[in-house]
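Chemist: Quick one, fold the following:
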Amino acid sequence: MTLLSSRRSILACVAAWAVAATGLTALPAFADNGKPIKLLVGFPPGGGTDAIARTLAERLKDELGTTVIVENKPGAGGQLAAQALKTAAPDGTTFFLSHDHTITILPLVVKTPGFDPAKDFVPVAGFATFVNALAVSGGTPAKSVNEYVNWVKTAGGGKGAVGVPAPASVPEFLVKVIGEKYKLDLISAPYRGSAPMMTDMLGNQIAAGVGSVPDFIENHKAGKIRVVAVLGGARQAALPDVPTFAELGLAGFEDVPYYGVFAPAGTPKETIDRFGAALSKVIAQPDVRERLTGMGLAVGYMPAEQLGQREHAYKQVWTRIIKASGFQPQ
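Modeler: Residues are numbered from 1 along each chain as shown. Below is the predicted model of the structure:
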């Protein structure tokens, strides 16, 4: 081989490598023009949903090859974050990490939420289910539901306030059901997320709260509050000693809520699939899975179609419950 032919061969190899590299970088991009991905959260920093989002964002950046920023837009039970997602460009730079309240419940209890999940959003992937729970503050002597009921009857004359993370939420409906079950006059005290509710519970400003297990688990383990009952069909792995309400005679709430990621309508399917694949890898990492499980989540991957089916089924259940309660959308 002559020097000239050898040089041509080397140049040809370099050109072929450049074409291959170009092909690799031509994969569907999330961050056009170098923009990071925004992961919207509808609740304040410090709450359960925020902690979950930050745990996932930290690892998603490695799988997606770009910065993932958690952007808190608290207010109206996630309504502001949902409205922000609706107006976001469907270019793979904005996603919404949410549980059932904003996506499923809000449209059932608010006349004009400012968004329609069926038209304005597309499911990306689900990653966990969880249950709601009743917890009491450290200022009460109660260590069980029955002790809490007796305490309300003796200390409050049968009347009591119970914190909930958002108005017209599943926890608020549960407060009503619990009150009816135990013949108590319980009033819901709605907060702007679980973090401020927890602040008041830790300060003994409110004696009890209903929220998700992820909202309560850390302070329960620290002995600062006590989770006395959980919903769902089985006891929770993170709280094996805490009974279910079904065990206590309050059945009918075995359909558990979910956590998922959503994108603006019109987001390309290849972008949805790529984000979903990245999320699947992240929650499969042992330390991430252990951390999420420790927060009280039942971790399990749901692709876009399955998340959509899960949301639809959950909506049907709560449509019946809300109508039966006589609640009128505000």
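
Chemist: same question for the longest strand along the chain, mean pLDDT?
Modeler: Identified as the longest strand of the chain according to DSSP state E is strand 121-129. Across strand 121-129, the average pLDDT comes to 97.

Chemist: Just want the angle from whichever strand or helix holds I52 to strand 121-129.
Modeler: Per DSSP states H and E, I52 falls inside helix 48-64. Inter-element angle recorded for helix 48-64 and strand 121-129: 110 degrees (by axes from the mean of the first three to the mean of the last three C-alpha atoms, to 10 degrees).

Chemist: right, and the helix or strand after helix 48-64?
Modeler: Criterion used, DSSP H and E; the element after helix 48-64 is strand 68-72.

Chemist: Paired strands for that next one, with orientation please.
Modeler: strand 37-41 (parallel) (DSSP bridges).

Chemist: I'd like the distance from the partner strand to the chain centre, please.
Modeler: Distance of strand 37-41 from the chain centroid (C-alpha atoms, centre = their mean, to the nearest Å) equals 13 Å.

Chemist: for stretch 57-75, same thing?
Modeler: Worked out by C-alpha atoms, centre = their mean, stretch 57-75 lies 15 Å from the chain centre.

Chemist: In the stretch 151-300 of the chain, mark out all the strands, start to finish.
Modeler: Counting by DSSP state E, counting those that start in this stretch, the stretch 151-300 of the chain has strands at residues 159-164, 185-190, 208-212, 225-230, 258-264, 298-303.

Chemist: Who are the contact partners of S144?
Modeler: Residues counted as contacts of S144 (C-beta atoms under 8 Å, 6 or more residues apart in numbering) are V228. (C-beta placed from N, C-alpha, C; glycine too.)

Chemist: what do you get for the one 5 residues further on?
Modeler: Contacts for V149 (C-beta under 8 Å, 6+ apart) come out as Y182, L184.

Chemist: Distance check, it against G211.
Modeler: 19 Å (C-beta to C-beta, to the nearest Å).

Chemist: Check G308 too.
Modeler: Plainly put, G308 is 26 Å away from G211 if you go by C-beta to C-beta.

Chemist: Return, as residue ranges, the portions of the stretch 1-150 of the chain with sub-threshold pLDDT.
Modeler: 1-34 (pLDDT under 70).

Chemist: per-residue pLDDT, L202?
Modeler: For L202, the predicted pLDDT is 97.

Chemist: Any idea how many residues pack against it?
Modeler: 16 (other C-beta atoms under 10 Å).
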